[in-house]
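Q: This is a predicted model, with the sequence first.
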Amino acid sequence: MKILVIGQGGREHALVWKIAQSPLVEQIYCLPGNPGIAKLANCPSVAFRSDTSDFSQLAEFAQGEGIDLTVIGPEDPLANGIVDVFESHDLPVFGPNKRAAIIEASKDFAKGLMSKYNIPTAKYQTFEQADEAIAYVEDLAQPVFVKADGLAAGKGAIPGITTLEAIKAIQRVLVDRDFGSAGQKVVIEELMEGEEASFTVLTDGSDIVVLPTSQDHKRALDNDQGQNTGGMGAYSPAPVITPELHQQVMESIVRPTIDGMKVEGRPYKGVLYVGLMITDQGPKVVEYNCRFGDPETQVLLPRIKSDLIPAFTACINGTLAQVEIELSSEAAVCVVMASGGYPQRYQTGRPIVGLESLPPTEQPTVFHAGTATSQNGDLITNGGRVLGITALGHDIQTAVECAYRGVSNINFDQAHYRTDIAHRAIEHVK
Ligand code: AMP
Ligand code: GLY
């Protein structure tokens, strides 16, 4: 089979790495890809802008190359209808169509779905007018989260611990339009307390296959200090999800979500990532994502023993009931090495050294995210999150040690990483 992967981050490198292990696959293409991906896949230069809905050039490329399956990494092309365009060209494509991707693309839609189908989540209200939103938080007088309705690259959720903070956040979204058209509406929800975990499933719209649980580290600095980022590291499994909670999440959240989407005339096919808060009242939904998590994918895929190509194909064909996935009992940890300053301003173009000198035994896998090749062929930094150093181990502690051994061998100017990845998991198993 010829496979095309769309995207260029660590998640897509992990997807390409996993797909490359499939005996069914003869060739992989990745657009736009990155230097790490280019070692496993063809990354031809095809004009590609993920923020438009003109995907016809990509579809024509896939047709011309005889691509048998396309896997979409990021949310933007999904929300903009890439799956619809590929389907209209009779190209098999893994991911939700535009009508279903709205589960991530509109928080107001997602909250409405949860409310209609009694899926546990924080209480909320949606506003288009700043004065009404402000009156609501003043009246509520309790800690809230203020969220831009649309896609905001993970930056659109602002804590409003005090009423003043909440008002400022409302003004940023609705008045200053910091998030552009993603901020035409604002969703204001109660603050939930607890531990977060990610629950990821494959679905063909009816049947569901559960992938390993995971947890990421959103804050930039150790001890969950600093700003929210796309994720500074991740681990799997998430021990906070006990077998009882697992069942509860399936029954009270995942099953009603997939069934609800079907009833709404928006059958959901692809991967659904449910961000959970494990509260004293049980698991509640923080967010839905219509795609694999990043960096969660980097720890999730190494723990899947089965070939994923038949599972992806079954999601498209509606035959997921026939698919079983075998999971590894090992734990996985990913430590993200980022450019100093991320998630705010940072510099790029810094040479990356040490990748070749990693210890040969128990060698971690290095997934590239923000890397590029310089004019003279050297590997350089090219983004906020640069590399994801990923290791498997018979337990989480062993995986942590291996990943950090890898990190200590790699260097670039102003490299920044957290030193406490997986600390909560280690506490749980103590
Ligand atoms: P979101 O963009 O909705 O995924 O939110 C980003 C992050 O903000 C989440 O992963 C949580 O860490 C935090 N967050 C969002 N909503 C809430 C909430 N209602 N209560 C507590 N934390 C939240
Ligand atoms: N790591 C969080 C996400 O992928 O949305």
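A: Cool, the structure landed. Ligands and ions are numbered 1, 2, ... in the order given.
Q: Show me what from this structure comes close to ligand 2.
A: 154, 216, 230-231, 289, 293-294, 296 (Cβ under 6 Å from any ligand atom). Using the backbone N, CA and C atoms, a C-beta is placed for each residue, glycine as well.
Q: Helix or strand: which one has residue 146?
A: Secondary structure from DSSP states H and E places residue 146 in strand 144-148.
Q: pLDDT of stretch 107-120, averaged?
A: Average pLDDT, stretch 107-120: 98.
Q: Tell me how many other residues surround the residue of the stretch 251-400 of the chain found nearest ligand 1.
A: Closest contact between the stretch 251-400 of the chain and ligand 1, by Cβ to the nearest ligand atom, is at residue 287 (3.5 Å). If you count neighbours by other Cβ atoms under 10 Å, residue 287 ends up with 19.
Q: is it fair to say it lies in a strand?
A: Yes: assessed by DSSP: H, G, I helix; E, B strand; the rest coil, residue 287 belongs to a strand.
Q: Check what pLDDT it gets.
A: At residue 287, pLDDT is 96.
Q: Identify the bridge partners of it.
A: Using DSSP bridges, the bridge partners assigned to residue 287 are residue 275.
Q: on contacts alone, who are the packing partners of the least confident helix or strand in the chain by mean pLDDT?
A: None of the helices or strands of the chain scores lower by mean pLDDT, DSSP states H and E than helix 423-429, at a mean of 75. Other helices and strands packing on helix 423-429, by 3 or more Cβ pairs under 8 Å, 6 or more residues apart in numbering; DSSP states H and E, are helix 396-409.
Q: Now do the helix it packs on: distance to the chain's middle.
A: 22 Å (Cα atoms, centre = their mean, to the nearest Å).
Q: now the helices for the protein?
A: 10-19, 56-65, 75-79, 82-88, 98-105, 107-116, 130-140, 163-170, 243-249, 255-263, 296-300, 309-317, 396-409, 423-429 (DSSP state H).
Q: Comparing these, which stretch has the densest surroundings?
A: A comparison of these by mean neighbour count, using mean count of other Cβ atoms under 10 Å, puts helix 296-300 on top with a mean of 31.
Q: ok, and what's touching that one?
A: Contacts with helix 296-300, where a contact means Cβ atoms under 8 Å, 6 or more residues apart in numbering, come from 10-11, 13-15, 198, 200, 211-212, 214-216, 231, 234-236, 273, 292-293, 332-334, 367, 388, 390.
Q: In strands only, show me those residues.
A: Using DSSP state E, the members of these that fall in strands are 198, 200, 215-216, 234-236, 273, 332-334, 367, 388, 390.
Q: Flag every residue of the protein that's near ligand 1.
A: Counting by Cβ under 6 Å from any ligand atom, the chain sits next to ligand 1 at 122, 145, 147, 156-157, 189-192, 196, 218, 228, 275, 286-287.
Q: most surrounded residue in these?
A: Busiest of the residues of the chain next to ligand 1 [other Cβ under 10 Å] is residue 147, holding 26 neighbours.
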